[in-house]
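>>> What shape does this take:
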Amino acid sequence: MKKFLLLLLTVGVLQGCTGGTQSSVEPQTPPATTQPETPSTQPETPAPSQPQTPAEKPPAAEQPESSEGVYANDIFRKVTVKKTGDDTFEVKGQAQVFEGTVSYVVEDGHNELTTGSIQTSAGAPEWGDFTHTVKVKKADPNTTLMLILFETSMKDGSRRMELIIPLPEK
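Next up is the predicted model:
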């Protein structure tokens with residue numbers, strides 16, 4: 001009986017040492033600490049002294065794409081706004097939106113002055129061109145009008161991917 005218990009104890013200890021896995025034991029060697037080779041014909045470039053952080057960049061919705069007055073984000077590109085009359089503005093650009101429908105609202109910071117939708121020449125995943133004239137009058141002369149382009153979510157009706165553009169004064 002003592003031999004049987006000793007045998008069980010030995011088997012239990014051996015199984016505990018192997019972790020219960022049935023894999024071959026390979027000797028572990030520490031990884032070599034070598035640096036990657038660089039071509040000797042190219043000089044090393046020093047790291048930038050101050051790396052850019054995401055906080056230093058303006059948000060994509062407010063960042064002009066290539067020049068002043070051209071706006072873009074993930075679903076809008078090449079969007080420009082030009083004042084064509086006292087209370088009229090021409091909006092042009094491209095959008096990649098569901099069924100080619102761009103929604104918009106013009107607000108003065110406190111009130112929504114006008115809302116509507118624009119039909120593009122193509123629906124997503126294609127980029128569709130659009131041109132639209134917005135007629136809106138300021139309620140208060142000391143306010144700045146903001147045009148907000150967005151895609152209306154078919155899931156819950158919320159605004160998706162807003163592009164906020166200040167309307168030009170002149």
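
>>> doesn't Leu9 fall inside a helix?
Yes - counting by DSSP: H, G, I helix; E, B strand; the rest coil, Leu9 is part of a helix.

>>> Could you report the neighbour count for it?
10 (other Cβ atoms under 10 Å). C-beta: built from backbone N, CA, C; applies to glycine.

>>> now do Lys170
Counted with other Cβ under 10 Å, Lys170 comes out at 3.

>>> That one against Lys83, yeah?
Yes - judged on Cβ atoms under 8 Å, Lys170 makes contact with Lys83 at a distance of 6.4 Å.

>>> what's Lys78 in contact with, if anything?
For Lys78, the contact set (Cβ atoms under 8 Å, 6 or more residues apart in numbering) comprises 65, 70, 72, 92-94.

>>> buried stuff in stretch 151-170?
The neighbour-count check on stretch 151-170 (16 or more other Cβ atoms under 10 Å) flags 151-152, 160-163, 165, 167 as buried.

>>> Hmm, Gly109 and Thr144 touching each other?
Yes - applying Cβ under 8 Å, one finds Thr144 in contact with Gly109, separated by 7.0 Å.

>>> which stretches of this structure form helices?
Secondary structure of the chain (DSSP state H): helices at 2-18.

>>> Show me where it has its strands.
Taking DSSP state E to define them, one finds strands in the chain at 76-83, 88-95, 101-107, 112-119, 128-135, 146-152, 159-166.

>>> Now do the same contact list for Lys170.
Contact analysis of Lys170 by Cβ under 8 Å, 6+ apart lists Lys83.
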